[in-house]
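Q: Sequence first, then the predicted structure, then my questions.
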Amino acid sequence: MSTDFGFHVFLGRSSRTPGWSVVVHDRDESGYWEHAMGFAEWLYRHLLGEEVIHPDGTYFYPGPVQLQHLPMSPDDRPVPWHGPDRGM
């Protein structure tokens, strides 16, 4: 997964903590940050507006998140839809 800010998000196993970790990589500055949690929890926290990209970041859009159902065949078109307001 990647973001419009140039971050790439990876899911992997950590040697430092048991279980899964989400690693966020900044392609512009070559930094990375590890979050000891599964992807579903990380995504939930990100959509709520918690800072789970990197410390002291300001990567938050107010309002509901716009998502898209992607086409499943050549004749289909993307269908946009909105998630719940942030701060559920």
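A: Sure, I can see it. This one's a predicted model, so the numbers in the text were calculated from it and none came from an experiment.

Q: secondary structure element for the residue nearest the centre of the chain?
A: In the chain, the centroid-proximal residue (Cα atoms, centre = their mean) is Leu43; its distance is 5.1 Å. Applying DSSP states H and E as the criterion places Leu43 in helix 39-48.

Q: And the contacts of the helix or strand following that helix?
A: Toward the C-terminal end, the helix or strand that comes next after helix 39-48 (DSSP H and E) is strand 66-69. For strand 66-69, the surrounding residues in contact (Cβ atoms under 8 Å, 6 or more residues apart in numbering) are 78-83. In this view, the C-beta of every residue, glycine as well, is placed from N, C-alpha and C.

Q: next one: stretch 30-41
A: 11, 14, 16-17, 19-26, 42, 45, 52-55.

Q: for that stretch, the distance to its chain's centre please.
A: 9 Å (Cα atoms, centre = their mean, to the nearest Å).

Q: low pLDDT regions in the chain?
A: 1-4, 57-61, 86-88 (pLDDT under 70).

Q: cutoff 80 now
A: For the chain, the stretches with pLDDT under 80 are 1-7, 14-18, 27-31, 47-49, 54-67, 83-88.

Q: Can you tell me the element the residue of the chain positioned farthest from its centre falls in?
A: The C-alpha centroid of the chain is most remote from Asp75, which lies 29.1 Å away (Cα atoms, centre = their mean). Per DSSP H and E, Asp75 falls between elements, in no helix or strand.

Q: again with Trp33
A: Assigned by DSSP H and E, Trp33 falls in strand 31-35.

Q: and the angle from that strand to helix 39-48?
A: Put simply, strand 31-35 runs at 110 degrees to helix 39-48, going by axes from the mean of the first three to the mean of the last three Cα atoms, to 10 degrees.

Q: Thanks again, I'm all set now.
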